[in-house]
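Trainee: Need a 3D model of the following:
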Amino acid sequence: MSMIKIDMKSPEFIDRMEKTVKFTDKVIKQFGWEYNPQQDVNEGVQMGLARNKMMYNKLFCPCFMVEEVDGKPQSVDNRTCPCTPAIEKEIPEVGSCHCGIFCTPEFAAAKRAELGMEEAVHTHSRGLTKEECEVLVNQPEIDSDEMVSLLEARELGMVDFKLVDVREHMEWEMGHIKGADALVPTSSFYQTLEEAKLDKNENIILYCHVGSRSAHVARIMPELGYTKLGNLTHGIVSYGGEKEN
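Mentor: You can find the predicted model right below:
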């Protein structure tokens, strides 16, 4: 399956996006939830839902991989918005769904307070030594500050790895991490992975929107012979470094 490209400016997508926003508004009202105070999180999820509705004719959660089962698309963990795990477990226990769009009023209030206290400019304390780079690039989970430092170290020739985006083409067009080496969308994963021609023995760091699809891909790739895989834990929404369109 070749890479699917959806035109975000097309009348079809604009119409679908308007319907999706009305849908999430209805879900918010039905359950007494609130939107995430971070509008870019909400917009990213809404666009992903609209994309999945156009691609699969279902509102599959955009933060989870979609696979073909018996010739039909199916979301990993049966995640169709608003998904059962969010309703029954994530929102009652954590305060927000996995994708972050739906929150309890209490969680939203705390997030607004937290955002007010955060520094406007992302900073990190220091660069890494070559030895620290080698240890870090081999970790299965990497956070935002570590990713920033690794990309800086790679520019200096201190470490080598490939940074692979596993989101969809539309998400890539909206913005991706500066320094990303390849786009391997989960909707056309096996073909685009082959086309990316990655060395199976090199370090590969994967990322997606919030870290779920990339974590799933990291579990699949060893079966294909890839040996050194890392995951940007909370995805691009947590990333404090440079992004580009």
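Trainee: the helices in this structure, which residues?
Mentor: With DSSP state H as the criterion, the chain has helices at 11-31, 39-56, 84-85, 91-94, 105-117, 130-137, 144-155, 169-174, 189-196, 212-220.
Trainee: what's near enough to touch the residue lying closest to V184 once chain neighbours are set aside?
Mentor: Distances taken as Cβ to Cβ, 6 or more residues apart in numbering place T192 nearest to V184, at 4.6 Å, with adjacent residues excluded. Bear in mind the C-beta positions are built from the backbone N, C-alpha and C, glycine included. By Cβ atoms under 8 Å, 6 or more residues apart in numbering, T192 lies in contact with M3, L183, V184, P185.
Trainee: tally of neighbours for the residue nearest to S238 when sequence neighbours are not counted?
Mentor: Spatial nearest neighbour of S238, chain neighbours left out: S144 (4.8 Å); criterion: Cβ to Cβ, 6+ apart. Counted with other Cβ atoms under 10 Å, the neighbours of S144 add up to 19.
Trainee: Now for the residue nearest to H216 when sequence neighbours are not counted, how many residues are close by?
Mentor: Spatial nearest neighbour of H216, chain neighbours left out: M65 (4.7 Å); criterion: Cβ to Cβ, 6+ apart. Neighbours of M65 under the rule other Cβ under 10 Å: 23.
Trainee: I'd assumed P185 was in contact with M65.
Mentor: No. Taking contacts as Cβ atoms under 8 Å, M65 lies outside contact range of P185: 10.1 Å.
Trainee: check contacts around the residue sitting nearest the centre point of the chain.
Mentor: The chain has H209 as the residue nearest its centroid, 1.5 Å off, counting by Cα atoms, centre = their mean. Contact analysis of H209 by Cβ under 8 Å, 6+ apart lists G44, V45, G48, P62, C63, C99, R167, E171, G235, I236, V237.
Trainee: Which phi and psi values does it adopt?
Mentor: phi -80, psi -60 (degrees, to the nearest 10).
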